[in-house]
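K.L.:
Requesting a structural model of the entry that follows:
(2 chains)
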There are 2 protein chains.
Amino acid sequence: MECTRLTLCDIGNSSFDFFRDAKKEKIFVADYELQESDEKIFYICVNEKIANRVKNFANWIDLKDFVEMKNYYETMGIDRIMGCEAVQNGVIIDAGSAITVDVVKDGVFMGGYITLGLYASHVAYKELSSRLTYSYNFEIDLDKMPKNSRDALTYGQLGLLYRDVLGYSLPIYLTGGDASKLKHIFKDAVLDEELLFKGMKNIMKKANLC
Amino acid sequence: MECTRLTLCDIGNSSFDFFRDAKKEKIFVADYELQESDEKIFYICVNEKIANRVKNFANWIDLKDFVEMKNYYETMGIDRIMGCEAVQNGVIIDAGSAITVDVVKDGVFMGGYITLGLYASHVAYKELSSRLTYSYNFEIDLDKMPKNSRDALTYGQLGLLYRDVLGYSLPIYLTGGDASKLKHIFKDAVLDEELLFKGMKNIMKKANLC
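P.N.:
Residues are numbered from 1 along each chain as shown, chains lettered A, B, ... in the order given. A predicted model of the protein is given here:
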């Protein structure tokens, strides 16, 4: 079967994100009745509760079983791995509740890290002090050192990320819920909301699943 | 009067930090009775509540009044300004509940930023996910990309800070409650718990107060 005709699903903590016929469909966990059917669904899952249920259904096929884990590490999120499988050379930034950053060179995972998501760090600043309640300035020029409070806070999260990511001198790929916000910072980055699905397809091709 | 014989006080949110006869003394806010006396005390204060009371006492002299603010910006913390006044060339890292980073070149403030303190970011990670509860690894080699979860979290906060700070190619000064922890990361840094008092003395010399 052609890879493009298959149904993929990225199961997160809050939603089932399906990819069928080049279209994405998001269904919140509470609204989706997980059940066996005739349709083969190739999935990844970071939601432990659902992982324990979905494995009982023969038509749901866990793509984690087809990953060559020696290229990664045991506790690495399967979503990060799919991001890495999607590109040959690049820095992959998946900006969700946490922001993960992974570096791939010549198809090999070089390492990566996790930092706080935009909302999480904003809340943490606010909890520290009433003087640190500024929203981030996405129009900031991060090549200059800040000389006002709002930019000082913005730089302390986004500027540090920016300087690190640019240091790899590799193409930058943005995905995840806050990708479009980060696009203001990483102006030359490729914004690709289907990046993880591309990684899933690449795994399936390698495993001759399609 | 010689600068060394004067009494200095750095009033924070939780304590009065005195500096007399080359010795520091910390008295928690709840344990200190603020009152007028014959002893001149030169202070800085980031505690708004106490700032409103201490200004009524003639023997307490606010060093903020002697700072040339055109070198800084209006909402910049007076503690950060004192750190900057202490050095001619350097990156000053004040690691407390927040971590502030300021750059001074040839005695001129170039800009600076604020990021989350070690405890605040650790708590924020934990609140995001039960998978992100690792303590920071202060023995990490930050010149390598992480390939395990604990290092991935550590790098996401401390590694980004490390790479930014080293980029200025200036001497690094560490102060604040978590300075000794950060010394593991910034091995060549000068750890100076009296840095802000040095800045206060420099301000006093410039203003001919001693």
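K.L.:
just checking, residue A:133 touches residue A:126?
P.N.:
Yes: using Cβ atoms under 8 Å, residue A:133 is in contact with residue A:126, at 5.1 Å. In short, each C-beta sits where N, CA and C put it, glycine included.
K.L.:
And the residue positioned nearest the centre of chain A, which helix or strand is it part of?
P.N.:
By Cα atoms, centre = their mean, chain A has its centre lying nearest to residue A:94, at 3.2 Å. Assigning secondary structure by DSSP states H and E places residue A:94 in strand A:90-95.
K.L.:
Please compute how far that strand lies from its chain's middle.
P.N.:
Remark: strand A:90-95 is offset 7 Å from the chain centroid, using Cα atoms, centre = their mean, to the nearest Å.
K.L.:
Would you list the strands that it pairs with, along with their directions?
P.N.:
strand A:98-105 (antiparallel), strand A:172-175 (parallel) (DSSP bridges).
K.L.:
Let's have the ones you listed in JSON lines, adding mean neighbour count.
P.N.:
JSON lines is the format used below for the strands paired with strand A:90-95 (neighbours: other Cβ atoms under 10 Å in any protein chain shown):
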{"stretch": "strand A:98-105", "mean neighbour count": "22"}
{"stretch": "strand A:172-175", "mean neighbour count": "24"}
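K.L.:
so can I have a markdown table of those showing distance to residue A:7?
P.N.:
What follows is the strands paired with strand A:90-95, written out as a markdown table (distance: least, Cβ to Cβ, whole Å):
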| stretch | distance to residue A:7 |
| --- | --- |
| strand A:98-105 | 25 |
| strand A:172-175 | 20 |
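K.L.:
Out of these, flag the one nearest residue B:18.
P.N.:
With Cβ to Cβ, the closest approach to residue B:18 among those belongs to strand A:98-105: 41.7 Å.
K.L.:
starting at the chain centroid, how far to the helix or strand that the closest one is followed by?
P.N.:
Going down the chain from strand A:98-105, the next helix or strand is strand A:108-116, by DSSP H and E. Put simply, strand A:108-116 sits 11 Å off its chain's centre (Cα atoms, centre = their mean).
K.L.:
Give me the contact list for strand A:108-116.
P.N.:
With Cβ atoms under 8 Å, 6 or more residues apart in numbering or on different chains as the contact definition, strand A:108-116 has outside contacts at A:71-72, A:76, A:80-81, A:84, A:92, A:98-104, A:121, A:124, A:157, A:161, B:116, B:121, B:124-125, B:128, B:132, B:144-147, B:149, B:151-153, B:155-157, B:159-160.
K.L.:
What subset of these is buried?
P.N.:
With neighbours counted by 16 or more other Cβ atoms under 10 Å in any protein chain shown, the contacts of strand A:108-116 contain buried members at A:72, A:76, A:80-81, A:84, A:92, A:98-104, A:121, A:124, A:157, A:161, B:116, B:121, B:124-125, B:128, B:132, B:145-146, B:149, B:151-153, B:155-157, B:159-160.
K.L.:
Among these, name the ones in helices.
P.N.:
Counted as lying in helices by DSSP state H, out of those, are A:80-81, A:84, A:121, A:124, A:161, B:121, B:124-125, B:128, B:149, B:151-153, B:160.
K.L.:
From those, which shows the smallest pLDDT?
P.N.:
Across the set of those, residue B:128 stands lowest in pLDDT, at 89.
K.L.:
State the distance from that residue to residue A:119.
P.N.:
As judged by Cβ to Cβ, to the nearest Å, residue B:128 and residue A:119 stand 10 Å apart.
K.L.:
Need the residues touching each of the two.
P.N.:
Common contacts of residue B:128 and residue A:119, defined by Cβ under 8 Å, 6+ apart, comprise residue A:97.
K.L.:
where do the strands sit along chain A?
P.N.:
Taking DSSP state E as the criterion, chain A contains strands spanning A:7-11, A:15-20, A:23-28, A:41-45, A:60-62, A:90-95, A:98-105, A:108-116, A:172-175, A:190-191.
K.L.:
of all those, which lies closest to residue B:57?
P.N.:
Closest to residue B:57 of those, according to Cβ to Cβ: strand A:108-116, at 41.8 Å.
K.L.:
where does chain A dip in pLDDT?
P.N.:
Along chain A, the parts satisfying pLDDT under 70 run over A:1-4.
K.L.:
which residue sits farthest out from the middle of chain A?
P.N.:
residue A:147 (32.3 Å).
K.L.:
for it, what are its contacts?
P.N.:
B:73, B:111.
K.L.:
and residue A:161, how far is that from chain B?
P.N.:
Residue A:161 is 6 Å from chain B, where distance means Cβ to the nearest Cβ, to the nearest Å.
K.L.:
residue contacts, that residue?
P.N.:
A:99, A:101, A:115, A:185, B:160.
K.L.:
Looking at those residues, spot the one nearest residue A:18.
P.N.:
residue A:99 (24.0 Å).
K.L.:
That closest one pairs with what?
P.N.:
Taking DSSP bridges as the rule, residue A:99 bridges to residue A:95, residue A:115.
K.L.:
That one contacts residue A:92, doesn't it?
P.N.:
No: checked against Cβ under 8 Å, the pair residue A:99 and residue A:92 is beyond contact range at 10.8 Å.
K.L.:
Can you get me a residue count around residue A:170?
P.N.:
17 (other Cβ atoms under 10 Å in any protein chain shown).
K.L.:
right, and it touches residue A:88 too?
P.N.:
No: in this structure residue A:170 lies outside contact range of residue A:88 using Cβ under 8 Å: 10.2 Å.
K.L.:
quick one: the residue nearest to residue A:57 when sequence neighbours are not counted and chain B, what's the gap?
P.N.:
Spatial nearest neighbour of residue A:57, chain neighbours left out: residue A:36 (4.4 Å); criterion: Cβ to Cβ, 6 or more residues apart in numbering or on different chains. Using Cβ to the nearest Cβ, residue A:36 is found at 29 Å from chain B.
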